[in-house]
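Enquirer: here is my input, please return the structure:
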Amino acid sequence: MEPDRSRLSRRARIARGKDRRARLQERDITVEEALSRYSAASLDDRPEPATRAERIARGEQKRAQLAGKAGAPREKTAAWRGSTEASRGRTGVSGKRSSRAPKPAGRKILSAVCAAAAAAAVTLGSFAGALALLRRQADFAGAGPAAGKIGTDGDLAEAVQTAAAGRDEAAAQQTEASGSQADGGERSSLEASGQEGAETGRSSQGTESAAAGTAAAPAAVSVAPEIPPVTIHLVAVGDNLMHRSVSLSGLQADGTYNYDYNFRFTADDIAAADLACINQETVIGGNELGISGYPTFNGRTEMADELAKVGFDVVLGANNHILDQNAQGVLHMLTYFNTNYPQISVLGIHGSWETRDAVTVREVNGIRLGLINYTDILNIPSFYNGNEYLVDYLDYDRLAALIAQAKAQSDFVIVFPHWGTEYNLATDAKQAQEAAFLAQQGVDLVIGTHPHVVEPVDYIDRPDGGKMLIYYSLGNYQSIQNKEMCIIGGMAQVDITKDGLGTRVSDFNMEFLATDYRMSMTRELDYYDMVTTYPWEMYSMDLSRTSWAHYDNPSFDDNLLFRLEAQMAAQVAQKRAEAGFAQ
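Expert: You can find the predicted model right below:
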């Protein structure tokens, strides 16, 4: 079966992918809903995949519904602010007060200092700093007069003026609170800096009582708007595991190779992403070496062509099979991508000692992303000895240096480790150790591969006060593995936002995938010639029951497959809810 991909331009696929992503966001589910989604009574009632005409009709309807919703980005930003305040334990519209909040007298002092420092920051032209200080002042004041005025770009000047007007009273309370301890002695450095800031604010803004019936001085202060928030959407899929059948499935009647069908049902989501990543689990070592499967793989260069055609931006090369064809395979794969598709970043492998320690930084819509890929597993370590430049193998000291370099050059750091235990639905001790190390280095996002199954998602605190999102394993994108847990893969969905407060994860989710393989029965073959991957919403019980995984695994349990996916979806939904991202 050879699909007709000429019917859609890349722009059309991007539009369709965005429409599908909007539908997925609308159908956010609770943990309980996810667990009950595939009850035994409903398994047989799942619909067949929609036809192309039905999908086009739904896309047209969705585009009509989305028309006129230009305010969505601002609403999303406001929602992010609320969830961020809640996750940090602050007091705000949707947040909760930290259990370690200062005592009342201390809050008054800190509130006065923040108000004074904000006024001084405006005088010096640091408007983003003033806004941050005003948010802290509102926290310490217990949602005081400025709290409701700092959520929008246009009210910064008014919020600063309001804070300055209430500063004198707060400063008096500050002096009274500290007088019993200091007794006229030397002021603390914190109080002194606050009062000096207050004097600076008075000289630049004045007070409302300074002149009868005249406007206060803020007209003399030119207030710049906040940096407009920019959000990009990242997707990542797991192991492109080129078993012999996967490689041969691209063979056409005329002797050429084409892998369009392998990506037919996921191409829209990949094209719609601002940054799309895939783990190329097996080396593309050159057609002259021939196709080979487990345990020493080699795939054809037409797969590299397909990854570029579909729209992948990042290909992960550091994995346990990358040295299966020795240095020749690594260098061929790297050279082929660099020569034919220089727009694709190939991570984790290098062509020389000179290029080994250069960190990849990609700028996407104004957001600079530092990208690092490493493996802690090599199947043939003897090929590595003496050729250490070929692949980024785990070395904690070198990894720390690479991360530091990435942080200095970028706004947001993503690390792709190849780690874990195969077929383990949980995580192991070594993954926990490496994750703790990455958090200590200040990494923002971790996307793992290797176990061939989907492992949990977590959103953890870093020692520096930031957060780190972890996808421990995305499982397989495609393979011929026949265990129920290996049929399920994950497509990480991450929104990354940059604004005046920095760059951070502003939402995350997981779209689950299902690998399907079978024989077309149109000719006598010794391999599966129909291999593809479905988004889970398109997969049905009938497709599962007719999958040829049953022939390779007579004990294959379709009900178990759907229960596993429901449990995985529930775990992700729970983490999103805990992080404050679930609607």
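Enquirer: what are the buried residues along the helix or strand hosting residue 397?
Expert: Assigned by DSSP states H and E, residue 397 belongs to helix 396-409. With burial defined by 16 or more other CB atoms under 10 Å, the residues of helix 396-409 counted as buried are 399, 402, 403, 405, 406, 407. Just so you know, the C-beta spots here come from the backbone N, C-alpha and C atoms, and that holds for glycine as well.
Enquirer: pull it out as CSV, backbone CA atoms only.
Expert: Taking C-alpha atoms only, helix 396-409 is exported to CSV below (Å, rounded to 0.1, in the frame of the first residue of the first chain):
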residue,chain,number,x,y,z
TYR,A,396,29.4,13.5,34.8
ASP,A,397,32.2,16.1,34.7
ARG,A,398,32.0,16.6,31.0
LEU,A,399,28.2,16.6,31.1
ALA,A,400,28.2,19.3,33.8
ALA,A,401,30.6,21.4,31.6
LEU,A,402,28.3,20.9,28.5
ILE,A,403,25.2,22.0,30.5
ALA,A,404,27.0,25.1,31.9
GLN,A,405,28.0,26.0,28.3
ALA,A,406,24.4,25.5,27.1
LYS,A,407,23.1,27.6,30.0
ALA,A,408,25.4,30.5,29.1
GLN,A,409,24.4,30.4,25.4
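Enquirer: identify the residues contacting the helix or strand following it?
Expert: The element immediately downstream of helix 396-409 (helix or strand, assigned by DSSP H and E) is strand 412-418. Residues outside strand 412-418 that contact it (CB atoms under 8 Å, 6 or more residues apart in numbering) are 236, 277, 279, 316, 318-320, 347-348, 367-377, 394, 403, 406-407, 434, 438, 442-450, 496, 498, 503-504.
Enquirer: recalculate using a threshold of 6 Å.
Expert: For strand 412-418, contacts defined as CB atoms under 6 Å, 6 or more residues apart in numbering pick out 316, 318-319, 369-375, 406-407, 438, 443-450, 496, 503.
Enquirer: give the next helix or strand downstream of that strand.
Expert: Assigned by DSSP H and E, the successor of strand 412-418 is helix 429-441.
Enquirer: listing partners with orientation, what would you give for the helix or strand just after that following helix?
Expert: Past helix 429-441, heading to the C-terminal end, the next element that is a helix or strand (DSSP H and E) is strand 445-447. Sheet pairing of strand 445-447 (DSSP bridges) gives strand 412-418 (parallel), strand 467-471 (parallel).
Enquirer: worst-scoring helix or strand of the protein, pLDDT-wise?
Expert: Among the secondary structure pieces of the chain, namely its helices and strands, helix 72-87 has the lowest mean (mean pLDDT, DSSP states H and E), a mean of 35.
Enquirer: where are the low-confidence patches of the stretch 1-150 of the chain?
Expert: For the stretch 1-150 of the chain, residues meeting the criterion pLDDT under 70 lie at 1-10, 13, 16, 20-150.
Enquirer: buried residues, stretch 568-583. List them.
Expert: Taking 16+ other CB under 10 Å as the neighbour-count basis, stretch 568-583 is seen to contain the buried residues 568-576, 579-582.
Enquirer: now for the biggest strand by length in the chain, which elements pack on it?
Expert: As far as residue count goes, and with DSSP state E defining each element, the longest strand of the chain is strand 502-518. Contacting strand 502-518 under the criterion 3 or more CB pairs under 6 Å, 6 or more residues apart in numbering; DSSP states H and E are the following elements: strand 488-499, strand 530-535.
Enquirer: list the buried residues for that strand?
Expert: By neighbour count, with 16+ other CB under 10 Å as the criterion, the buried positions of strand 502-518 are 503-518.
Enquirer: what lies in contact with stretch 305-312?
Expert: In this structure, residues lying in contact with stretch 305-312 by CB under 6 Å, 6+ apart are 259, 263, 267, 270, 271, 276, 278, 341.
Enquirer: how is this structure partitioned into domains?
Expert: Each structural domain of the chain that the record assigns through automatic domain parsing is listed here as a residue range: 78-220, 230-403+422-433+466-535.
Enquirer: out of these, which gets the lowest mean score?
Expert: In terms of mean pLDDT, the lowest-scoring of the domains of the chain is domain 78-220 (a mean of 45).
Enquirer: list the beta-bridge partners for residue 232.
Expert: The residues listed as beta-bridge partners of residue 232 by DSSP bridges are residue 496.
Enquirer: what about the closest residue to residue 348 other than its chain neighbours, distance to residue 307?
Expert: Ranked by CB to CB, 6 or more residues apart in numbering and with sequence neighbours excluded, the top spatial neighbour of residue 348 is residue 318, at 2.7 Å. For residue 318, the distance to residue 307 equals 16 Å [CB to CB, to the nearest Å].
Enquirer: residue 580 now?
Expert: Applying CB to CB to residue 580 and residue 307 gives a distance of 35 Å.
Enquirer: residues in contact with residue 478?
Expert: Residue 478 makes contact with 246, 515, 531, 533, according to CB under 6 Å, 6+ apart.
Enquirer: ok so, going back, among the helices and strands packed on strand 502-518, which is the most enclosed?
Expert: Neighbour counts averaged per stretch over the helices and strands packed on strand 502-518 are highest for strand 488-499, at a mean of 23; criterion: mean count of other CB atoms under 10 Å.
Enquirer: can I get the CA coordinates of it in CSV?
Expert: Listed in CSV are the C-alpha atoms of strand 488-499, where the atom choice follows Å, rounded to 0.1, in the frame of the first residue of the first chain:
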residue,chain,number,x,y,z
ILE,A,488,2.4,1.9,23.1
GLY,A,489,4.6,4.9,22.5
GLY,A,490,4.4,8.5,23.6
MET,A,491,4.6,11.8,21.8
ALA,A,492,5.8,14.4,24.4
GLN,A,493,3.9,17.8,24.0
VAL,A,494,5.6,20.7,25.7
ASP,A,495,4.9,24.4,25.5
ILE,A,496,7.9,26.7,26.3
THR,A,497,7.2,30.4,27.0
LYS,A,498,9.6,33.3,27.1
ASP,A,499,8.7,36.7,28.6
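Enquirer: so it versus strand 530-535, what angle?
Expert: 50 degrees (axes from the mean of the first three to the mean of the last three CA atoms, to 10 degrees).
Enquirer: and strand 488-499, what does it pack against?
Expert: Applying 3+ CB pairs under 6 Å, 6+ apart, one finds that strand 488-499 makes contact with strand 230-240, strand 502-518.
Enquirer: okay, those in CSV with distance to residue 557 next?
Expert: Supplementary listing: the helices and strands packed on strand 488-499 in CSV, determined by distance: least, CB to CB, whole Å:
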stretch, distance to residue 557
strand 230-240, 22
strand 502-518, 14
